[in-house]
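Trainee: With the input below, show me the fold.
(one chain, ligands or ions: 2)
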Amino acid sequence: MARPRPCPDRCTVLLLGGGGREHALAWKLVQSPRLERLWLTNPQNAGLSALGEPCPPEILTRGSFHFDRWCDQVGIDLVIVGPEGPLADGIADQLATDRRLVFGPSANAAQLEADKAFAKEVMRQAAVPTAEARVFERVEAAREYLEAHDEPCVIKASGLCAGKGVYVCETPAEAQEAIDQLMITRVFGDAGGRVIIEEKLIGQELSVLALVDGRTIWLLDPAQDHKQVHEGDRGPNTGGMGAYCPTPLVDHATLKVIESEIFVPIVDALRRDGIEYRGVLYAGLMLTAGGPKVLEFNCRFGDPECQPLMTRLQGDLVEIAWATAAGNLDAQTIDFDPRVSCCVVMCSEGYPGPYEKGKVITGIEAAEALGGPDESVKVFHAGTTRTSDGDLVTSGGRVLGVTALAATLAAARDLANAACAEIHFEGSFHRHDIGDRVLAATETPTNH
Ligand code: AMP
Ligand code: GLY
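Mentor: Ligands and ions are numbered 1, 2, ... in the order given. This is a model prediction of the structure:
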């Protein structure tokens, strides 16, 4: 076998994507002494744009030949892909050459996220624990199935819908309504052409992300996301309202089980089908009474899980991403800061529904100045932009990821909330209870 290519001393990187996850990745990349230049596909994000150079916009629309040629012209050594869309569309297949590596899986491997029916089939072949599920392509068949099964269920569009095509249904009426929305109204377009109806699992949710280089699997510290928009886990699902890392929900032994019963069999099953997985493999898990079960796979870093992960990651992200893309992870060491990081997402009024843009944002400097001697705050931009007058304004539903590093989860959560209180824009809201579920579950009971 050819020896994996060593990471160049000076590496020119192209980063695809423009949200909070990509700001966190860019923030970590620019700390690397190996970084020569950083190119960005989405420089509208005001946090990101300060860290790199914008690609000419036409390379994204003129087809893969032009994109590839531009990468050659500016000497891109490594492409890091943030979001799932380009991966599912085959960007890794298009841009990887013998001169250039891509951090992110091929289109075939990205089906694990882009096609939930495919993911269920691979899990079945690999005997990976997951919710019992049936796939439907005909609306009548889905309705008949629901009539015969009146227990709570979860209904999902099989295709990509930016984390929103999932309905957790308590009653048969809610389930029928979800089928109508997905299969008839087609609120998510063709993504609802196939739906999955699966058993509702009960437990705490956990995000375990791993770097996979084809063979070697390196589990990152576990994180917990908070999907629902309102405090107390109420309201519709969002892309994620806040996350912290590490979580005490799983100990080392359980993580080993997650590795050997979920990650290893999935990567092996794909390889048996001729699909080599390279990049981040993210398992969304439910810790049920019967053990960890997979809710979904993603083929990228989570957003906002990436923000706490990057603030804790020690070492050089250029080297780590290179080693993953080159198939050289076994020679790499990955360490995390022992402190806890908590990211609270500040949103625009109305999110995850329609919202207004263009609200002036103030207070980020004051927020980042908070914290004691062993604490820090970093504010990652998700949906922000600069006007021609230089004002920082909102431009998305999730606007900022206010990320605090402190000795304990409670201290990190309090610091993140205090930092959010320094930041202002009209209509802003955020959850104050990121991490509370686990803090409540792990509080020592008093003996009366
Ligand atoms: P997914 O995009 O598949 O992760 O689903 C989004 C969210 O829906 C998850 O983070 C869970 O909160 C919830 N969910 C998905 N599948 C299930 C399930 N089988 N049981 C309970 N909740 C689920
Ligand atoms: N935070 C959940 C996701 O990135 O899918």
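Trainee: Show me the beta-bridge partners of the residue of the stretch 201-350 of the chain found nearest ligand 1.
Mentor: Closest contact between the stretch 201-350 of the chain and ligand 1, by C-beta to the nearest ligand atom, is at E296 (3.4 Å). Bear in mind the C-beta positions are built from the backbone N, C-alpha and C, glycine included. Beta-bridge partners of E296, counted by DSSP bridges, are G284.
Trainee: OK, contacts around it?
Mentor: Counting by C-beta atoms under 8 Å, 6 or more residues apart in numbering, E296 touches E113, K116, A119, A283, G284.
Trainee: any idea how far the last one is from ligand 2?
Mentor: Summarising the geometry, the distance separating G284 from ligand 2, computed by C-beta to the nearest ligand atom, to the nearest Å, is 7 Å.
Trainee: residues contacting that residue?
Mentor: E205, L206, S207, D225, V294, L295, E296, F297, N298.
Trainee: re the thing from before, including distance to I275 and pLDDT, could the contacts of E296 go into a markdown table?
Mentor: Below are those laid out as a markdown table (distance: C-beta to C-beta, whole Å; pLDDT from 0 to 100):
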| residue | distance to I275 | pLDDT |
| --- | --- | --- |
| E113 | 13 | 95 |
| K116 | 17 | 89 |
| A119 | 12 | 95 |
| A283 | 17 | 98 |
| G284 | 20 | 97 |
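Trainee: Pull the most distant pair out of these.
Mentor: Farthest apart among the contacts of E296 by C-beta to C-beta are K116 and A283. That separation is 13.5 Å.
Trainee: Count the neighbours of R62 for me.
Mentor: Counted with other C-beta atoms under 10 Å, the neighbours of R62 add up to 13.
Trainee: Hmm, E276 and N108 touching each other?
Mentor: No - at 9.1 Å, N108 does not count as touching E276 under the criterion of C-beta atoms under 8 Å.
Trainee: List the residues that contact the nearest residue to P8 once chain neighbours are set aside.
Mentor: Distances taken as C-beta to C-beta, 6 or more residues apart in numbering place D77 nearest to P8, at 5.6 Å, with adjacent residues excluded. Listed by C-beta under 8 Å, 6+ apart, the contact set of D77 reads P8, C11, T12, V13, E36, R99, R100, L101.
Trainee: cool, and I155?
Mentor: I155 makes contact with V166, Y167, C169, A175, A178, I179, L182, V195, I196, I197, E198 under the criterion C-beta under 8 Å, 6+ apart.
Trainee: Next, give phi and psi for it.
Mentor: phi -120, psi 130 (degrees, to the nearest 10).
Trainee: For ligand 1, see how far away T97 is.
Mentor: 33 Å.
Trainee: For the stretch 101-250 of the chain, which residues score under the pLDDT cut-off?
Mentor: Within the stretch 101-250 of the chain, the ranges that satisfy pLDDT under 70 run 163.
Trainee: tally of neighbours for the residue of it found nearest ligand 2?
Mentor: Ranked by C-beta to the nearest ligand atom, the top residue of the stretch 101-250 of the chain for proximity to ligand 2 is G240, at 3.3 Å. Neighbour count for G240, taken as other C-beta under 10 Å: 24.
Trainee: which residue sits closest to A96, ignoring its sequence neighbours?
Mentor: Nearest-residue entry for A96: V102, 4.4 Å, with adjacent residues in sequence omitted and distances by C-beta to C-beta, 6+ apart.
Trainee: State the helix or strand in which that neighbour lies.
Mentor: Secondary structure from DSSP states H and E places V102 in strand 101-103.
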